[in-house]
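**Student:** let me see the structure of the following:
(6 chains)
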Protein chains: 6
Amino acid sequence: MLAKLLRPKTTVSAHCDLPCGVYDPAQARIEAESVKAIIEKYHANEDPTFRTRAVLIKEQRAQLVKEHLWVLWTDYFKPPHFEKYPQLHQLFNEATKLAGAAGAKGTMDPKVADDLLAKIAEIDKIFWETKQS
Amino acid sequence: MLAKLLRPKTTVSAHCDLPCGVYDPAQARIEAESVKAIIEKYHANEDPTFRTRAVLIKEQRAQLVKEHLWVLWTDYFKPPHFEKYPQLHQLFNEATKLAGAAGAKGTMDPKVADDLLAKIAEIDKIFWETKQS
Amino acid sequence: MLAKLLRPKTTVSAHCDLPCGVYDPAQARIEAESVKAIIEKYHANEDPTFRTRAVLIKEQRAQLVKEHLWVLWTDYFKPPHFEKYPQLHQLFNEATKLAGAAGAKGTMDPKVADDLLAKIAEIDKIFWETKQS
Amino acid sequence: MLAKLLRPKTTVSAHCDLPCGVYDPAQARIEAESVKAIIEKYHANEDPTFRTRAVLIKEQRAQLVKEHLWVLWTDYFKPPHFEKYPQLHQLFNEATKLAGAAGAKGTMDPKVADDLLAKIAEIDKIFWETKQS
Amino acid sequence: MLAKLLRPKTTVSAHCDLPCGVYDPAQARIEAESVKAIIEKYHANEDPTFRTRAVLIKEQRAQLVKEHLWVLWTDYFKPPHFEKYPQLHQLFNEATKLAGAAGAKGTMDPKVADDLLAKIAEIDKIFWETKQS
Amino acid sequence: MLAKLLRPKTTVSAHCDLPCGVYDPAQARIEAESVKAIIEKYHANEDPTFRTRAVLIKEQRAQLVKEHLWVLWTDYFKPPHFEKYPQLHQLFNEATKLAGAAGAKGTMDPKVADDLLAKIAEIDKIFWETKQS
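**Tutor:** Now for the predicted structure:
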């Protein structure tokens, strides 16, 4: 926990110096962590009401992941970014597809949540590179 | 385009035979028409309350355009589509950027709404080609 | 109906020349098609998570059908329309009741979705008649 | 204030004994009171930021009035009610039209809010009559 | 029902004479009544689709209870109120916790809804006392 | 920027080991940064459409600040936390009041946004202390 305490608060949410405002992939990541936690709790609890609520709430959080990612893709990233990172379009498309309903078979598979978090981490890495330059 | 014009009405909202459901670019187009109409009414009416409402409602409809387009891009289009139409990612990115707030200067410019409608028409054309094949 | 079939695409989303903006019953129809598709998929898949998601998503789409119809009834149609089409109030009331939750018994009955689509088609027919005159 | 204190709490929100749940025109009335209060505050304050906020928030509350009324009209009232009160369709249509944006000229007119409250009072009277029988 | 008919309408929704607008704990109470009614209907109906809908709709109404209470706590009550009623913070915290998901075990327990309604009645009592002074 | 790069990703969004899920005051902070940025941009741009949009979007982001804070106060913090930090209720009440509309005079005052960020930083500090114990 030491690293956390030492971390300067101000870097968590970076200002956008363009008209587009403030962006931070942490928003998508927090919701994706929530999706993962819900899946884990779903498997640990067989009460049918709990499970219905888990499916419902997971659907809402996953929708928020999609929305946060869409905003980054449309509003934050600009043509020069897409030129420098030619994989960026596909990365966002795959991440939002993962965040979306992956069909009945996959929706409660913890692997889907891990894959989603990995994609968001890739986006996060590129995002902070573009903020530095 | 002939096949499209002759196509019976019932195909306008086509079923998706995958788990992803029903899609139709008409949803984005109707909201974009609304954006255009609001811009025109804004310029024809100098009442400040009317204009505030126009800005507010245009912002909401433009947000709906973005959401309808994002859903098509993430949920309807699949990897084979992106291979066949390599311009598709950029087309959606540009269309959603146009739908979004383009900064104070452009937001009440009718040309932005026309450009947006033209982009949606391009997406619409590709969409229906993929439905036919 | 011939006039409607031959009508060029661009009239699908017609401008309202009043302050009320742009209307199109296609919005309600697309969501109702979605309701129908979800019911069909529900019956074809016995996975409990899939079924919970189907009930949840159907509820959302049905709510959108209601909202699109309410907007037409309140914002588009004017007193002279209600005079000319005295059945219009009841038609909208029945259509929105069908769109709403019809009780546990009916909610996954494909017939309800077909009846809903038929009501929307009646509304659509009247809508376009009022646009032509 | 005595009358208020003596009023039995349980009559404020009446249970619906049908599957449709709990209804109360007070929900629409409270939002309409809010619309009226916003209009009054708008006229009493010339600060442009305050006025923009007033227009925006009034739009949101007016939308809630419409939604509460639509729900009553579609979900609470049944065919026998419409037979007994033949004016009910038109009453709801006029009330929701008043709640909606009445065009730039009327939107900050306190009379519109008073008319809206009067319509809601008419609906409220009929509502409680149907609850008693 | 006599008491209801005699009750002056104007006391139901009281105006706030501050910039914060119109408040009434009846909004939270109506949604909490709805939560209670849904729980009762859930237990009376074993149809799985009905039950899924009940869980989903209860979740939405409970969220509305929380939101109405939060608005009262943040926007209506002022420092002097919290001084005069030192229990008020904890009362709102407990009420919103009750309104929220109380974990899988409690969510379909009618007692939770009754406790919630009792807390809202306590808040309502304090609210009207502050309006009188 | 070095500190940021060295910071372990996993600490940004902490899992809640209770049924309540994942919480992180960063969500409120990011929206509050957005509020601050919007205020700064408002003062730097006199275009009336831009300013209307700024007021509108600020209102939405401020609402999100409130919602994220309310969720922490109701869903994350438990009775033992309120015992250990007796100032916590008032801190959240003041923070959400600051996030809310502070009346026409204060709404475009950068100081309000700074005060809001300071309150969120206090909450954030307590939050992470409770996570460590």
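
**Student:** switch to C-alpha atoms for all contacts and neighbour counts from now on
**Tutor:** Noted.

**Student:** report the central residue of chain A.
**Tutor:** The C-alpha lying nearest the average C-alpha coordinate of chain A belongs to A:Ala28 (Cα atoms, centre = their mean; 3.1 Å).

**Student:** check which helix or strand covers it.
**Tutor:** Using DSSP states H and E, A:Ala28 falls within helix A:26-43.

**Student:** can you tell if that helix touches chain F?
**Tutor:** Yes: on the criterion Cα under 8 Å from any Cα of the partner chain, helix A:26-43 is in touch with chain F at A:26-27, A:29-30, A:33-34, A:37-38, A:41.

**Student:** which residues of chain A score low on pLDDT?
**Tutor:** Along chain A, the model assigns pLDDT under 70 to residues A:1-21, A:101-106.

**Student:** and the strands in it, which stretches?
**Tutor:** Under the criterion DSSP state E, chain A contains no strands.

**Student:** near chain E, which residues of it show up?
**Tutor:** A:47, A:49-50, A:52-53, A:56.

**Student:** ok, 7 Å please
**Tutor:** Neighbours of chain E within chain A, by Cα under 7 Å from any Cα of the partner chain: A:49-50, A:52-53.

**Student:** in ChimeraX, how would I select just the buried ones from the residues you listed?
**Tutor:** ChimeraX command restricting the residues of chain A next to chain E to the buried ones, with burial defined by 16 or more other Cα atoms under 10 Å in any protein chain shown:
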select /A:49,50,52,53
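
**Student:** rewinding a little: including neighbour count, could the residues of helix A:26-43 next to chain F go into a markdown table?
**Tutor:** Output for those, formatted as a markdown table (neighbours: other Cα atoms under 10 Å in any protein chain shown):
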| residue | neighbour count |
| --- | --- |
| A:Ala26 | 22 |
| A:Gln27 | 21 |
| A:Arg29 | 24 |
| A:Ile30 | 24 |
| A:Glu33 | 25 |
| A:Ser34 | 26 |
| A:Ala37 | 22 |
| A:Ile38 | 26 |
| A:Lys41 | 17 |
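
**Student:** for the residues you listed, which one is nearest E:Phe92?
**Tutor:** Of all those, E:Phe92 sits closest to A:Ser34, with 25.8 Å by Cα to Cα.

**Student:** so the closest residue to that closest one other than its chain neighbours bridges to which residues?
**Tutor:** With Cα to Cα, 6 or more residues apart in numbering or on different chains as the criterion, A:Ser34 has its nearest non-adjacent residue at 5.4 Å, and that residue is F:Val22. On the basis of DSSP bridges, F:Val22 is bridged to F:His15.

**Student:** distance of whatever residue of chain A ends up closest to chain E from chain F?
**Tutor:** Nearest residue of chain A to chain E, counting by Cα to the nearest Cα: A:Phe50, 4.7 Å away. In this view, A:Phe50 and chain F are 10 Å apart by Cα to the nearest Cα, to the nearest Å.

**Student:** kindly report the same for A:Phe82.
**Tutor:** Per Cα to the nearest Cα, A:Phe82 is found 22 Å from chain F.

**Student:** so that residue makes contact with A:Phe92?
**Tutor:** No: at 11.3 Å, A:Phe82 does not count as touching A:Phe92 under the criterion of Cα atoms under 7 Å.

**Student:** when these two are compared, which one has more neighbours?
**Tutor:** For A:Phe82 versus A:Phe92, neighbours defined as other Cα atoms under 10 Å in any protein chain shown are more numerous around A:Phe92 (22 against 14).

**Student:** list the contacts of that one.
**Tutor:** Residues in contact with A:Phe92 (Cα atoms under 7 Å, 6 or more residues apart in numbering or on different chains) are A:Trp73.

**Student:** ok, it to B:Ala95 distance?
**Tutor:** Separation of A:Phe92 from B:Ala95 (Cα to Cα, to the nearest Å): 16 Å.

**Student:** measure A:Val22 to F:Lys58 for me?
**Tutor:** 12 Å.

**Student:** pick out whichever of those two has more residues nearby.
**Tutor:** Per other Cα under 10 Å, whichever of A:Val22 and F:Lys58 has more neighbours is F:Lys58, with 24 against 21.
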